[in-house]
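Participant: build me a model from this:
(one chain, ligands or ions: 2)
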Amino acid sequence: MPLSLKPTDALVVVDMQNDFLPGGSLAVAGGDTIVAPIVALAQRFETVVLTQDWHTPRHSSFASAHPGRQPFEAIELAYGTQVLWPDHCVMGTDGADFAPGLDIPHAQLILRKGFHSEVDSYSGFREADRVTQTGLAGYLAERGIGRLFLVGLATDFCVAWTALDARASGHEAILLEDLTRAIDANGSLGAAHAALDAAGVVRAASADIG
Ligand code: VGL
Ligand code: ZN
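Facilitator: Ligands and ions are numbered 1, 2, ... in the order given. Just a heads-up that it's a prediction; the model follows:
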């Protein structure tokens, strides 16, 4: 059954930034191929939110901040297990800029996350300590937004965590899988699919929107 859009729907475009594109420091394969279709889809939404991964230099999610550790290893931090990443999306750098061609001038909110140096934030709603709120839930509530459609990078980290927290905040959440691309490190994509399905996130395709 086709999904028909409603005025209270919003499109959440997750982390479409240079460092996640081919050539970037944490490149997601094929990330560049979803820019144009996301821009086209965004034309159909009145409310568009962009999230932007926005880390301090020497952020605690960077392997480089932990001597002897390598990217994609996991360590224990104060709030739990953290995957370590190459340095990426450092605030104010070109790598943190939005992808070339991500022209969505009517986007109403740019939500930055991950700017506390000791806490990561895959989710646009809640930091990795699972307690600190970004303010997105309140913004969406005050704007009367109901359903969220999610696209962007990466499927198995920031898109998935944002979709899961959308559900926790009481939103219907629809992840448009053809407009995401995954990192898929150590089985992370399969784990994300299981968590999304268990939480009632609908996995659909952009072509399902009538
Ligand atoms: C992301 C890893 C680290 C993402 C951000 O946008 O999925 N992944 N920071
Ligand atoms: Zn990050």
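
Participant: show me the strands in this protein, by range?
Facilitator: 10-14, 47-53, 74-77, 80-83, 109-113, 148-153, 173-181, 202-204 (DSSP state E).

Participant: state the mean pLDDT of the third one.
Facilitator: If I follow you right, that is strand 74-77. Per-region confidence: strand 74-77 scores 97 on mean pLDDT.

Participant: that strand near ligand 1 anywhere?
Facilitator: No: Strand 74-77 is not in contact with ligand 1 by CB under 6 Å from any ligand atom; minimum separation 12.3 Å. Quick note: C-beta positions are derived from backbone N, CA and C, even for glycine.

Participant: quote the end-to-end distance of stretch 13-33.
Facilitator: 14 Å (CA to CA, to the nearest Å).

Participant: get me the contact residues on the protein for ligand 1.
Facilitator: D15, F20, D53, W85, Y122, L153, A154, F157, C158.

Participant: sorry, back to before: any chance of the strands of the chain in TSV, with mean neighbour count too?
Facilitator: As requested, the strands of the chain are exported to TSV (neighbours: other CB atoms under 10 Å):
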stretch	mean neighbour count
strand 10-14	28
strand 47-53	24
strand 74-77	13
strand 80-83	14
strand 109-113	19
strand 148-153	28
strand 173-181	23
strand 202-204	16
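
Participant: make JSON lines out of the ones you listed and add distance to Q133.
Facilitator: Converted to JSON lines, these look like this (distance: least, CB to CB, whole Å):
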{"stretch": "strand 10-14", "distance to Q133": "16"}
{"stretch": "strand 47-53", "distance to Q133": "14"}
{"stretch": "strand 74-77", "distance to Q133": "19"}
{"stretch": "strand 80-83", "distance to Q133": "17"}
{"stretch": "strand 109-113", "distance to Q133": "11"}
{"stretch": "strand 148-153", "distance to Q133": "16"}
{"stretch": "strand 173-181", "distance to Q133": "17"}
{"stretch": "strand 202-204", "distance to Q133": "24"}
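
Participant: gap between the most far-flung residue of the chain relative to its centre and P57?
Facilitator: The C-alpha centroid of the chain is most remote from G68, which lies 28.3 Å away (CA atoms, centre = their mean). Distance from G68 to P57, counting by CB to CB, to the nearest Å: 20 Å.

Participant: kindly report the same for A199.
Facilitator: 34 Å.

Participant: and for R44?
Facilitator: For R44 relative to P57 (CB to CB), the value is 38 Å.

Participant: could you do L136 as well?
Facilitator: Taken as CB to CB, the span from L136 to P57 is 25 Å.
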